[in-house]
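Undergrad: Next come a sequence and a model predicted from it.
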Amino acid sequence: MSVDILSVPEMIEEESLLDPGKYGVIVEHGYKRGLLLPDLEGVDTVDLQIEIANRKAGIHRGEKYTLYRFTADRYH
């Protein structure tokens, strides 16, 4: 079992401020919201990280979304 303690999310304007090894991502469009933890196996690009979070939220391609990043301390 492991536990992740998340930092307070910070809104960001640019995808270039993400790093999937360091930051988790939250995407938001209206009531739709998707979260993806940082440092997940197989998620090594920002584009893939955002794509997965958007899928989880039900946000379709072309829809605008607000982007947040956060860090996570993982305890095993």
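TA: The structure has been received and is ready for your questions.
Undergrad: Give the bridge partners for the residue nearest the centre of the chain, please.
TA: Central residue of the chain (C-alpha atoms, centre = their mean): residue 25, 1.5 Å from the mean position. Counting by DSSP bridges, residue 25 is bridged to residue 36, residue 69.
Undergrad: if I look at it, how far off is residue 35?
TA: Separation of residue 25 from residue 35 (C-beta to C-beta, to the nearest Å): 7 Å. The way it works is simple: take the backbone N, C-alpha and C, and place the C-beta from them, glycine included.
Undergrad: shared neighbours of these two, anything?
TA: By C-beta atoms under 8 Å, 6 or more residues apart in numbering, residue 25 and residue 35 have these common neighbours: residue 53.
Undergrad: that older thread, quick one, what contacts the residue nearest to the centre of the chain?
TA: Residue 25 is in contact with 18, 35, 36, 49, 50, 53, 67, 68, 69, 70, counting by C-beta under 8 Å, 6+ apart.
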